[in-house]
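>>> fold the following.
(one chain, ligands or ions: 1)
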Amino acid sequence: MTSLINPEELLDKALRASHQAYAPYSQFHVGAALLFDDGTVVTGCNFENASYGLSLCAETNAIVDANHRGLRSGLVAVAVHGGPLQNGKISPNAHAITPCGRCRQMINEVAQLGNTDPQVYCGHEGGYTQYSLSALLPAAFGPANLDN
Ligand code: THU
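The predicted structure is shown next:
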């Protein structure tokens with residue numbers, strides 16, 4: 001566990017991922033970085049669609065990428081960084097954003113499969129706000145509920 005990266009490093013990876021965002025409709029660029037207990041980091045960015053409603057969030061895309069790599073447990077932290085694009089950069093005044101409801105549920109799937117309660121670091125200029133997933137999604141419905 002000692003080799004795991006710190007929140008600032010994970011947020012930096014999320015910020016870098018946001019540079020790959022495809023968000024021509026909202027101009028709101030988001031990156032996410034998932035940290036697993038073996039030190040693996042999986043990133044994602046939002047990918048919008050001309051039909052608007054089909055747009056996919058950064059966190060969801062990162063979770064799907066992790067699944068593709070066989071990573072469905074051991075999720076210890078999630079970093080999210082995003083904001084409106086101004087002059088080609090995410091606005092330095094951007095407030096921290098928390099994962100949307102759908103993304104909380106997506107993150108919860110992997111969290112429950114591995115019996116972890118990931119820390120969620122929501123970045124903003126000069127710092128971050130930290131939550132546990134269980135605080136963002138209390139009394140969550142998950143895979144265990146299907147086992148009855
Ligand atoms: N978005 C994310 O990727 N993650 C979040 O946590 C919040 C919102 C995206 C969706 C859409 O492409 C854009 O940001 C504006 O809502």
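
>>> pull out the buried positions in the strand ranked longest in the chain.
Longest strand in the chain, counting residues (DSSP state E): strand 75-86. Within strand 75-86, the residues scored as buried using 16 or more other C-beta atoms under 10 Å are 75, 76, 77, 78, 79, 80, 81, 82, 83, 85. All C-beta spots, glycine's among them, are computed from the backbone N, C-alpha and C.

>>> low-confidence stretches in this structure?
Residues of the chain that meet the criterion pLDDT under 70 lie in 1-3, 148.

>>> could you pull out the strands for it?
Assigned by DSSP E, the chain shows strands spanning 28-36, 41-45, 75-86, 89-90, 119-124, 127-132.

>>> what residues does the protein put near the ligand?
Neighbours of the ligand within the chain, by C-beta under 6 Å from any ligand atom: 23, 26, 28, 30, 46, 48, 55, 57-59, 80, 82, 97, 99-100, 103.

>>> check which helices and strands the longest strand of the chain sits against.
The criterion is 3 or more C-beta pairs under 8 Å, 6 or more residues apart in numbering; DSSP states H and E, and the helices and strands that strand 75-86 contacts are helix 7-18, strand 28-36, helix 58-68, strand 89-90, helix 101-113, strand 119-124.

>>> thinking again about what came up before, so which of the strands of the chain gets nearest residue 69?
strand 41-45 (6.7 Å; C-beta to C-beta).

>>> so what touches that closest one?
Taking contacts as C-beta atoms under 8 Å, 6 or more residues apart in numbering, the residues outside strand 41-45 that touch it are 5, 10, 13-14, 16-22, 29-36, 58-66, 69, 71.

>>> of the residues of the chain next to the ligand, buried ones?
For the residues of the chain next to the ligand, a burial check counting by 16+ other C-beta under 10 Å picks out 23, 28, 30, 46, 48, 55, 57-59, 80, 82, 97, 99, 103.
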